[in-house]
Every structure is written in structure tokens, then in C-alpha cells.
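S.K.: sharing a model prediction with you, sequence too.
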Amino acid sequence: MKLVLAEPKYLRESISIISELVNEVTFKVDETKIEIIAMDPANVAMVIFKLLSSAFVEYEVKKPVRLSLSLDNLKQVLRRAKPSDTLKLELDESKNRLKIQLKGESTRTFHLSLIDNEEMEQKIPDLNFGVKIEMPTIIFDEAIEDMSVISESVALMTSKGNFTIRSESKLHAAKVEISKDDDTTIHCPDEEVNARYSIEYLKKISKASRLADKVILNFDNEYPLKAEFRVLDKMDLSFILAPRVSSD
């Protein structure tokens, strides 16, 4: 296995975000992609990450491999990658290590030991959503930050083709109203749709706005939320978040 990435930010930033939800993961590497499917310890959020072979300047995988790593250790190494660096990943099977090389003005090499990850393999649930919204990530990110000053949960609502993000506590309330325009599309049923989610998790998820210009939100009444951040022909970082049913 030999993989060379000219834009290390797609791996560095993704791992930084994923590490806020899970501590250890198994990378599944095949001829077309690197993939992570993992559930956070509280079973509230699932993360699905794909870094496509087309994102690499060199991608050599003779047979599928599974690499289990501590994300804390991997994150520390990837943080050392400069924007202009080239990042190379190689598997040292004899020592059961992942070799990470950062090449720029100098060449820096790190060796991370693989771990035994005995967690049950996660499967992506088959979900059918009534609402699909595509909007600029900056609007979504700012809306979640706005709502976080009011309560520990937010309601995502659609009604008559409009999208509202609302937060309410015993004393305070706030909302952000978003309408269709050239940058935002809203597909929803005529009747009102309303679901609530944890602001703590949404703040972690919205950090993926650093990677993509648009976010695709799918949800339904008291139903999981899927938030997807895509970079064409390079990566796909998605989250499935369980609804919050308890009252604040």
C-alpha cells in the first residue's frame, strides 16, 4: 500500500473532526477509497468518511487492507502537515505500523503502531427522509453557533417551503429562518416537519464546514439527521445523529 496526497487538509481536517466523536477507528482501504464507519461511544452519532482514490496523486493498493489506529496519535502527526506538504502513507506489514511521511522543505517520517480494534463492524442504517436541504456551510455553522447561546438542543423545522432552526429554553428563545435562493434548495412536504437534536453534537458536526462549501441536511419528524459534506471527486464526510426526545 502506497498513497500520496498532495492536499493533506482533506485527511488532516477530517481526522481532527472525527476524533471529537470517536477515539479509535478502523480504516478500510481498497482500490477506490479509504473509508471509516464508526459510532461514538454514546451511540448518538455515526460518522461515515470516504477519501476517494481520485483525491490522491498516487494510489497503489494491491489488496484491501484494514488499519486500526488511535485517532489521538494520528491527529497529532497530521497536525504537523503544512498546506504545501505532500503526505505519503505506507503500510509496514513486518512491524505492523503505518508509515506517514510529510515532504516539503524537509522530509519528516513518523511510524504509528496499529492497534487491535475489536469493536463490532458498523453498518450504515437504511433511512428514508422526508426533508432534504442543501445550503452554504457558513450559514449552517453560524446558525448552530447562534442557537448554542440559548439551549442544549435545537429544533430543525420546515413549513411551506421554508427552513427554520430554533432554540428555546425556559427564559429565552432564538431562531434562524432560511428561505430558498440561488444557494439554498429546500425539498420538504407541505405539512410541517419538526425534529430536535443535541447542540453539543451539532457544533462538532458543523466543524466540517472547514472542508466543504455546501452541506446537505436530511431529516424528518423525530427522526435521525444526516448531514453530508462533499468535495467532488475527493471526499465525503457524513454524520447520522439520533434525534433528541427529552425536554430541556
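M.R.: It's in.
S.K.: next, the buried residues of the host helix or strand of residue 239.
M.R.: In this structure, residue 239 is located in strand 235-241 according to DSSP states H and E. For strand 235-241, the neighbour count (16 or more other CB atoms under 10 Å) marks 235, 236, 237, 238, 239, 240, 241 as buried. In short, each C-beta sits where N, CA and C put it, glycine included.
S.K.: got the domain boundaries for this structure?
M.R.: By the record's domain assignment, the chain is partitioned as 2-113, 131-241 (automatic domain parsing).
S.K.: alpha carbons only: can I get the strand holding residue 239 in PDB?
M.R.: In PDB, the C-alpha atoms belonging to strand 235-241 read as follows (Å, rounded to 0.1, in the frame of the first residue of the first chain):
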ATOM      1  CA  MET A 235     -14.000  13.200  -0.200                       C
ATOM      2  CA  ASP A 236     -17.400  12.700   1.600                       C
ATOM      3  CA  LEU A 237     -17.800  13.300   5.300                       C
ATOM      4  CA  SER A 238     -21.200  12.400   6.700                       C
ATOM      5  CA  PHE A 239     -22.800  12.200  10.100                       C
ATOM      6  CA  ILE A 240     -26.000  10.500  11.300                       C
ATOM      7  CA  LEU A 241     -27.300  12.000  14.500                       C
END
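S.K.: quick one on the thing from earlier: export the domains of the chain to TSV and tack on mean pLDDT and distance to residue 124?
M.R.: Converted to TSV, those look like this (pLDDT from 0 to 100; distance: least, CB to CB, whole Å):
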stretch	mean pLDDT	distance to residue 124
domain 2-113	96	6
domain 131-241	96	8
